[in-house]
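# The sequence isn't on hand, but the structure is:
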């Protein structure tokens, strides 16, 4: 309407009369008031939507979450800024009903909803935090507590290192150093995977949430300096299992943004399939076909090469005959493995420089895991109550939350640091060694039959 009037004025190339100016002004004001009211109402409604927050990182198991209304869905509710701030405030100081009602105003969530989801619970006339929430103050204290216990755990392995060293010396390929074998077999296979099994069997760790409702494991205040400062916590395994029983693993520091090993590089290749431009009706089919191709062809060929080299150095022709990989493809795969420091070439022969465990290594591995499992069991039995006592002062556990719910993460915090201490003592290989082209992790290729009982996360 206003635009039409302006065009008319431009065409006449003359100034309007004072009457027409008043008329235009009146219409403009009317338009602003009318449309402004509509837009204002729309924007007002938009602004009244609960604001998402970024204060918390939270771990939730969510069966049938799509069937829950927003106000009873913890995955939705805990992403609201006002709710996040309220939970952090309650973790510090219990609140009464009126304080909670005021804090939740405009969120569409009320106190009964928080109670139903287990986010808070009543204690006398006040409400306390209902799950393990690590505040900014809690996180450095947790780190300090776990570091002391980690030092104790690492000390046991240090004392018994001659026993483990003797077992590791039976591994036939001397191109892989004992510290590298120890890092993988004790740090990953035992302390991580077997340790999780021990903590479950001893009843120290809750392993499965209720199947019929959401369950909150724990949360961190993201603003804490220690939230992402986890460099040197050697606690994270990435794993891929092939149909022939061969497994690719990288184990190390989650602070390492990129792991240039397998399965991580294969996962990157898989994720690239999501960006393929194809008809929507067959896109999922093509993506699955691509993933199967990467796993069954590319990874299988790499696995065949590594397991063949487990029996000793081979030249390219010998590897091609043993694996069925044609020479040109074999050449490219060997270049990849050599560049990633999985193998090295000497006088035309290739040999492994990372641990590769075949089925014939089972007895050696079992003979090492048995005493390590005894160490973990005895150490946990002796230390779990003192550990719980020290943790009881943290807001996360102050109001009766069971440590068992948090023990999965707690065990990682302890053995991750214990691994670092053993690296510093020279018993374990250093994932950040200057000779490593790609740092923060160490890869391993292994057959699942070396230990079928691994409780792998």
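Received it, and whenever you're ready, just let me know what you need. A quick note: this is a predicted structure, and the numbers were derived from the prediction, not measured.

# was I right about residue 238 contacting residue 250?
Yes. With contact defined as C-beta atoms under 8 Å, residue 238 reaches residue 250; the gap is 4.9 Å. In short, each C-beta sits where N, CA and C put it, glycine included.

# Mutual contacts of those two, please.
Common contacts of residue 238 and residue 250 (C-beta atoms under 8 Å, 6 or more residues apart in numbering): 259, 263, 264.

# Next, the residue positioned nearest the centre of the chain: phi, psi?
Per C-alpha atoms, centre = their mean, the C-alpha nearest to the average position across the chain is that of residue 254, at 7.6 Å. For residue 254, the backbone dihedrals (degrees, to the nearest 10) come out as phi -70, psi -10.

# what bits of the stretch 151-300 of the chain have low per-residue confidence?
227-229 (pLDDT under 70).

# again, 80 this time
212, 225-230, 255-257 (pLDDT under 80).

# Can you report how many residues lie near residue 454?
Using other C-beta atoms under 10 Å, residue 454 has 20 neighbouring residues.

# Are we agreed that it is in a strand?
No. Note on residue 454: no strand contains this position according to DSSP: H, G, I helix; E, B strand; the rest coil, which reports coil.

# where does it land on pLDDT?
Listed pLDDT for residue 454 reads 76.

# Is it in contact with residue 198, as I believe?
No. Assessed by C-beta under 8 Å, residue 454 is found out of contact with residue 198, at 11.9 Å.

# I figured residue 250 was touching residue 445, is that so?
No. Applying C-beta under 8 Å, one finds residue 250 not in contact with residue 445, separated by 10.5 Å.

# For stretch 266-277, buried residues please.
Across stretch 266-277, burial judged by 16 or more other C-beta atoms under 10 Å covers 266, 269, 270, 273.

# Can you tell me how far the first one is from residue 449?
Distance check for residue 266 against residue 449: by C-beta to C-beta, to the nearest Å, it reads 22 Å.

# before we move on, what about the last one?
Taken as C-beta to C-beta, the spacing of residue 273 relative to residue 449 amounts to 31 Å.

# Residue 67 now?
41 Å.

# hang on, the earlier thing: out of the shared contacts of residue 238 and residue 250, which one sits closest to residue 426?
Nearest to residue 426 among the shared contacts of residue 238 and residue 250 is residue 259, at 23.7 Å by C-beta to C-beta.

# Now do the same contact list for that closest one.
238, 250, 252, 438, 440, 441.

# Is the second one in a helix, a strand, or coil?
Assigned state for residue 250: strand (three-state reduction, three-state DSSP).

# for it, which residues make a bridge with it?
residue 238, residue 443 (DSSP bridges).

# For it, which residues are in contact?
Per C-beta under 8 Å, 6+ apart, neighbours of residue 250: 237, 238, 259, 261, 262, 263, 264, 441, 442, 443, 444.

# quick revisit: so residue 67 and residue 449 - more neighbours on which side?
Neighbour count, other C-beta under 10 Å: between residue 67 and residue 449, residue 449 has more, with 13 against 8.

# can you tell me which residues contact that one?
Per C-beta under 8 Å, 6+ apart, neighbours of residue 449: 245, 359, 362.

# repeat that for 10 Å
Going by C-beta atoms under 10 Å, 6 or more residues apart in numbering, residue 449 touches 245, 357, 358, 359, 360, 361, 362.

# ditto for residue 51
Here residue 51 is in contact with 79, 80, 81, 82, 106, 107 (C-beta under 10 Å, 6+ apart).

# can you do 8 Å?
80, 81, 82.
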